[in-house]
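Enquirer: Structure here, sequence nowhere to be found:
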Ligand SMILES: Nc1ncnc2c1ncn2[C@@H]1O[C@H](COP(=O)(O)OP(=O)(O)OP(=O)(O)O)[C@@H](O)[C@H]1O
């Protein structure tokens, strides 16, 4: 992350103002038109009757040393995207290249050497560590699986890794249940870093943690990035975590990227209405802005089903600016400002892309509501209603579509649930995905299928003696390590 800062500073000196310099760093990961559809099968013959379009044509790239944040509501396909780009799941279509090598269709065996370079950190620090294995065994699994003998021996290296993530080398022989959530996540991070990966995909790395611990883990990841030159893709369901750590942010909605921009551009002038609505969910800690007028955007309605996404722009059913073109024509993700790609016919903070199309869809008039903070503050029910909602920054005047903007003074309930039909989707596929993250106390050591970065899979292959009974050690091994700063360090500061 410091590298980013240095790059930015150098770039600013070299290019004319206003255009933030294009990032010249080498592309590490490139994803083109990536899709992942889970088939829905019915009947005795298990005929395919549809598909959950979890990821439905996304393009992005990640440069060496940068952090790409991926945000979006639950069910928009973030985790699926993470599992597909790490090749824990096979894509349905599109391409993934890592360091210029096409890895889209590599077999398990062909992927094995690349497992060292591409690692994943999982959301659930309780579920992702095998409770029957010691910390030493868990963190050393990648060495065993890859047949790597670190200099000085595995034990010494594991103890060094434990220290690196702020744990004590003495923890080597302890079991996961002896640790707090934050400590467990550190163990997961140590395991992910064991083979010095180039790319780390972190799927909601802190959302299962207590708020007071979240900042410690975020700061740890930040420090490790600087120390080890890591490249991160960090997945989160809201903007408050990724805003501190990301260089660029991709906003996903129903399997698509709707906006991809530098962090600052996204925060200062979001262009997609959905980004704006999401941002209205981020509390504004900035004291300078506290006194200013702010309002919350309440999105109405649920996220539509990824089985049958809406035509045209997928957000049109919940967008307060939607016109006929939004219903009929899918907007492409295009770079409207330098470093800011948006898929919208009527973007915020920019000229309208379809100025001739001015008649709002009737649904748009009720799609959302802007509720001033004062109103919410004064009305308990209104405040309760807006639980899932946010504060938005004072809206910069929308140059395009003033009527639409005016119409947009209406409200929404954010955070809908994924469609119920989804549960019907291909059970085998689902269980495969679950396998990846569930800890499941396996009966006995199984033959190792492949050196997946996947924790349990890795841990399970361990032919270790099981503790006869859960070791009756004192519960919390230790208080959270080192007094880390309470709040995440803003990136680039
Ligand atoms: N293995 C699977 N089989 C069938 N459908 C799946 C599978 N995995 C995910 N899905 C569906 O794909 C869609 C996207 O799910 P995904 O978990 O990627 O979303 P997400 O944005 O990460 O959500 P969350 O933040 O809740 O994890 C959802 O509708 C989900 O039900």
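Expert: On my side now, so go ahead. Bear in mind that the values here come from a model prediction, so they are computed numbers and not experimental data.

Enquirer: Does residue 321 belong to a helix, a strand or coil?
Expert: coil (DSSP: H, G, I helix; E, B strand; the rest coil).

Enquirer: how far away is it from residue 276?
Expert: Look at residue 321 and residue 276: by Cβ to Cβ, to the nearest Å, they are 10 Å apart. In short, each C-beta sits where N, CA and C put it, glycine included.

Enquirer: same question, residue 119
Expert: From residue 119 to residue 276 the distance is 34 Å (Cβ to Cβ).

Enquirer: ok, now residue 92?
Expert: Residue 92 is 31 Å from residue 276, by Cβ to Cβ.

Enquirer: same deal with residue 121?
Expert: In terms of Cβ to Cβ, residue 121 sits 29 Å off from residue 276.

Enquirer: Looking at residue 92 and residue 276, which one has more neighbours?
Expert: Ranked by neighbour count (other Cβ atoms under 10 Å), residue 92 and residue 276 place residue 276 first, with 26 against 17.

Enquirer: Return the residues in contact with the residue of the stretch 151-300 of the chain found nearest the ligand.
Expert: In the stretch 151-300 of the chain, the residue that lies nearest the ligand is residue 237 (4.8 Å; Cβ to the nearest ligand atom). Contacts for residue 237 (Cβ atoms under 8 Å, 6 or more residues apart in numbering) come out as 71-74, 78, 204, 207.

Enquirer: could you redo the last one with a cut-off of 10 Å?
Expert: 70-76, 78-79, 123, 204, 207, 278, 281, 415 (Cβ atoms under 10 Å, 6 or more residues apart in numbering).

Enquirer: One more: residue 150?
Expert: Per Cβ under 10 Å, 6+ apart, neighbours of residue 150: 140, 143, 156-158, 160-161, 194-196.

Enquirer: One more: residue 123?
Expert: 79, 82, 185, 188, 202-209, 235-237, 437.

Enquirer: Which members of the residues you listed are classed as buried?
Expert: 79, 82, 185, 188, 202-206, 208-209, 235-237, 437 (16 or more other Cβ atoms under 10 Å).

Enquirer: Would you mind splitting this structure into its domains for me?
Expert: 26-253, 293-421 (automatic domain parsing).

Enquirer: For these, could you give me JSON lines that also reports mean pLDDT and distance to residue 268?
Expert: Compiled in JSON lines, the domains of the chain are given as follows (pLDDT from 0 to 100; distance: least, Cβ to Cβ, whole Å):
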{"stretch": "domain 26-253", "mean pLDDT": "91", "distance to residue 268": "12"}
{"stretch": "domain 293-421", "mean pLDDT": "68", "distance to residue 268": "8"}
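
Enquirer: now, of the ones you listed, which is deepest in the fold?
Expert: domain 26-253 (a mean of 20; mean count of other Cβ atoms under 10 Å).

Enquirer: From one end of it to the other, what's the distance?
Expert: The straight-line separation of the ends of domain 26-253 (Cα to Cα, to the nearest Å) is 28 Å.

Enquirer: Would you mind listing what in the stretch 101-250 of the chain touches the ligand?
Expert: residue 237 (Cβ under 6 Å from any ligand atom).

Enquirer: those helices in the stretch 101-250 of the chain, which residues are they?
Expert: 108-111, 135-146, 154-164, 181-193, 211-228, 239-245 (DSSP state H, counting those that start in this stretch).

Enquirer: mind giving me JSON lines with the ones you listed and columns for distance to residue 30?
Expert: Below are those laid out as JSON lines (distance: least, Cβ to Cβ, whole Å):
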{"stretch": "helix 108-111", "distance to residue 30": "17"}
{"stretch": "helix 135-146", "distance to residue 30": "25"}
{"stretch": "helix 154-164", "distance to residue 30": "30"}
{"stretch": "helix 181-193", "distance to residue 30": "22"}
{"stretch": "helix 211-228", "distance to residue 30": "20"}
{"stretch": "helix 239-245", "distance to residue 30": "21"}
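
Enquirer: Alright, that wraps it up for me.
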